[in-house]
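**Student:** I would like to see how this sequence folds:
(2 chains)
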Number of protein chains: 2
Amino acid sequence: MPSVDEIRAAGLAALVRAGVPQGDAEIQLSLLLDAELRGVASHGLLRLPRVLERIANGVTDPRSRAAFDWQAGALLSVDGRQGLGPVVAMQALEKVCERARETGVATAVIRNCDHLGMLAWYGEHVARHGQILIALTVSEALVHPWGGRRAMLGTNPIAIGIPTASDPFVFDMATSLVSMGKIHDHANRGMPIPEGWALDADGDPTTDASAAKRGAIAPFGGAKGYGLALAFELLVTSLTGAAIGTAVKGTLDSDAPCNKGDVFIVLEPHHGTAAAISAFIEDLRASPPIDPAVPVRIPGDRARSARSARAAARIDLPADIWNRIRDRAGSAHGSETRGDHHEA
Amino acid sequence: MPSVDEIRAAGLAALVRAGVPQGDAEIQLSLLLDAELRGVASHGLLRLPRVLERIANGVTDPRSRAAFDWQAGALLSVDGRQGLGPVVAMQALEKVCERARETGVATAVIRNCDHLGMLAWYGEHVARHGQILIALTVSEALVHPWGGRRAMLGTNPIAIGIPTASDPFVFDMATSLVSMGKIHDHANRGMPIPEGWALDADGDPTTDASAAKRGAIAPFGGAKGYGLALAFELLVTSLTGAAIGTAVKGTLDSDAPCNKGDVFIVLEPHHGTAAAISAFIEDLRASPPIDPAVPVRIPGDRARSARSARAAARIDLPADIWNRIRDRAGSAHGSETRGDHHEA
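**Tutor:** The predicted structure follows:
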């Protein structure tokens, strides 16, 4: 198992070798590594080979410079020009965070940039600097409407980051019941999926993970979750003018320019609320649990402790992903140096 | 059954008699009547006797004037001074909608005003005027955390209003699995509630509606819905500085000043997206349904057709609520004129 430092070095080398400027490569890799460390493998290093493939295929431009246009005093319109998601997003975020310090709220609406990755990363970044973030993005259509048979909606996540007196509160969820990654994982292991997770290509309920891969995932929370997923999809398109529904491409494949939209809303918290927020979070943690052995959880707790535990340790990265990253990293980090990794 | 006009007249008379200025009474009543017409009885006229009671008890000030303070160029801080929810909210909304036309986004953070009522009303209003609304509010603690036994969170609804080429898209949901009103309704009719809806006062699962009234409602959508309800509660308190969790009072009772917060975020849509939004909504409606007899629904469809059907008709208001409203309306609309209502 490689160490965090080994992964970082190989990942950076692979990105730089693909044409990504060093600073941008660090942003992209930090995001993927943070997801990996939090235990969100679906948004971790398994995405790196796809990022590299997209660059190789010419649908992601590793040296692109996004265009920023203040449509109004607190509304930043961003054309990502097919740049790397986290690179465009962090530039946009820096601008709206600075503006929100003056205006109280500011919004970035982003088009034409690649997959943003795990939104919690942005929520934590903003909240750690004392501001509130609401982040929305969409994916290609993978989710069926409640009562419908066909994948019409993205997995449309929302992340909310809020400053507290200690670690930021960061909530990040997809509006799908499960991720397509989880269904692929079941298919790879030849396992059935539980009833209610997905429909097959004909729109009939299935427990066959392979059939579900060609079908549609259920929204979480029934009709309400469907409504929320739809509202988020419409909200992102209404604000960004980006593609919607089945027209969205480039969030999972390696050969289409990414045409989805992303939205960041940054807000200034009311003065002095951090202590009240922290106190309430502690009240919740201390409130009586159903199972005496399992205290009430706060979103982000598990990810934070996983990250602390893993940061100093080796990462149990699937061998094929690690090999693909090292192969792309070239001679200094490539397969010919694999022996080195058993020494450190 | 009274007609819409009869209800309107009696409701207005009751509010004016309680000391509410005519224009403010019209706002409060329009909101309640709209909820009633949409079929959202829990937020309809059954709330009017409570509004009147709160005024009589001195916890709502019918002639209060809210204080508006632009904390920053796009952030309006509102002290509702215990005024009527829809009156304070509509004033705040007017100001932030106007500001958002200049700044692209503007936010109102509201404290110390009464229950806002059905948030869809605000979403429709804003979207009909060509802007986007995200509205959040909290209630007193009625919902247990996922894995917890005690009511710690409000029912914390979100509404999202988005302009389209025709009727606005308006989504409005609570983050609780069901409303406390529905549980009261089951209790009143001596019916059990389904498993999973609620816990009793000891935090144990119950199907006894009366026991559930003293317990806690489940969040919708399991752990995700709990996370969302919590994120909304923290977001509202972080922005407004208002009360949180079990400290929230005055949203359901008739004797405590209301101390919860409300948040409106108004955004300018990207130019020319209304047609794409409408086209996608039509695609969704036309997509294949699970049940051939039940087309895929768009949130708001049912409420809109219910409203059209009811607007010209009589309203099946429970007799005790109609009697209480007429009694409060005084002689011109009071019980001595009840005979009249059978004529028209």
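**Student:** Is stretch A:250-268 in proximity to chain B?
**Tutor:** Yes: legend: contact between stretch A:250-268 and chain B by CB under 8 Å from any CB of the partner chain is shown at A:265, A:267, A:268. C-beta coordinates here come from the backbone N, C-alpha and C atoms, glycine included.
**Student:** List the ones among those residues that fall in strands.
**Tutor:** A:265, A:267 (DSSP state E).
**Student:** As CSV, the residues of stretch A:250-268 next to chain B with pLDDT and distance to residue B:284 would be great.
**Tutor:** Listed next are the residues of stretch A:250-268 next to chain B as CSV, based on pLDDT from 0 to 100; distance: CB to CB, whole Å:
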residue, pLDDT, distance to residue B:284
A:265, 99, 25
A:267, 98, 31
A:268, 98, 36
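**Student:** Of the residues of stretch A:250-268 next to chain B, select the buried ones using a PyMOL command.
**Tutor:** Per 16 or more other CB atoms under 10 Å in any protein chain shown, the buried members of those correspond to this PyMOL selection:
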select buried, chain A and resi 265+267+268
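**Student:** Can you pull the domain assignment for chain A?
**Tutor:** Using automatic domain parsing, the domain parsing of chain A gives A:1-56+A:314-344, A:67-176+A:222-267, A:186-218.
**Student:** which stretch in these has the least confidence?
**Tutor:** Here the lowest mean pLDDT among the domains of chain A goes to domain A:1-56+A:314-344, at a mean of 85.
**Student:** Can it be said to contact chain B?
**Tutor:** No: figure legend: domain A:1-56+A:314-344 not in contact with chain B (CB under 8 Å from any CB); closest approach 14.2 Å.
**Student:** and if you look at stretch A:69-80?
**Tutor:** Yes: looking at stretch A:69-80 against chain B by CB under 8 Å from any CB, the contacts come from A:71, A:72, A:73, A:74, A:75, A:77.
**Student:** could you pull out the strands for the stretch 51-200 of chain A?
**Tutor:** Assigned by DSSP state E, counting those that start in this stretch, the strands in the stretch 51-200 of chain A fall at A:67-72, A:75-83, A:105-113, A:132-137, A:158-162, A:169-173, A:198-199.
**Student:** from the ones you listed, which stretch is densest packed?
**Tutor:** Highest mean neighbour count of those: strand A:105-113, a mean of 29 (counted as mean count of other CB atoms under 10 Å in any protein chain shown).
**Student:** Paired strands for that strand, with orientation please.
**Tutor:** strand A:75-83 (parallel), strand A:261-267 (antiparallel) (DSSP bridges).
**Student:** any chance of those in a markdown table, plus distance to residue B:130?
**Tutor:** What follows is the strands paired with strand A:105-113, written out as a markdown table (distance: least, CB to CB, whole Å):
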| stretch | distance to residue B:130 |
| --- | --- |
| strand A:75-83 | 15 |
| strand A:261-267 | 18 |
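**Student:** closest one to residue A:137 among those strands?
**Tutor:** Of all the strands paired with strand A:105-113, strand A:261-267 sits nearest to residue A:137, with 4.3 Å by CB to CB.
**Student:** how far does the closest one sit from the chain's center?
**Tutor:** Put simply, strand A:261-267 sits 14 Å off its chain's centre (CA atoms, centre = their mean, to the nearest Å).
**Student:** For it, list the C-alpha coordinates in PDB.
**Tutor:** Provided in PDB are the C-alpha atoms of strand A:261-267 (Å, rounded to 0.1, in the frame of the first residue of the first chain):
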ATOM      1  CA  GLY A 261     -23.300  24.000 -14.600                       C
ATOM      2  CA  ASP A 262     -22.100  24.600 -11.000                       C
ATOM      3  CA  VAL A 263     -23.300  27.200  -8.500                       C
ATOM      4  CA  PHE A 264     -21.600  28.600  -5.400                       C
ATOM      5  CA  ILE A 265     -23.400  30.900  -3.000                       C
ATOM      6  CA  VAL A 266     -21.200  32.500  -0.400                       C
ATOM      7  CA  LEU A 267     -22.700  34.200   2.600                       C
END
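**Student:** right, and the helix or strand after it?
**Tutor:** helix A:274-286 (DSSP states H and E).
**Student:** Can you mark which positions in that next one are buried?
**Tutor:** A:274, A:276, A:277, A:278, A:280, A:281, A:283, A:284.
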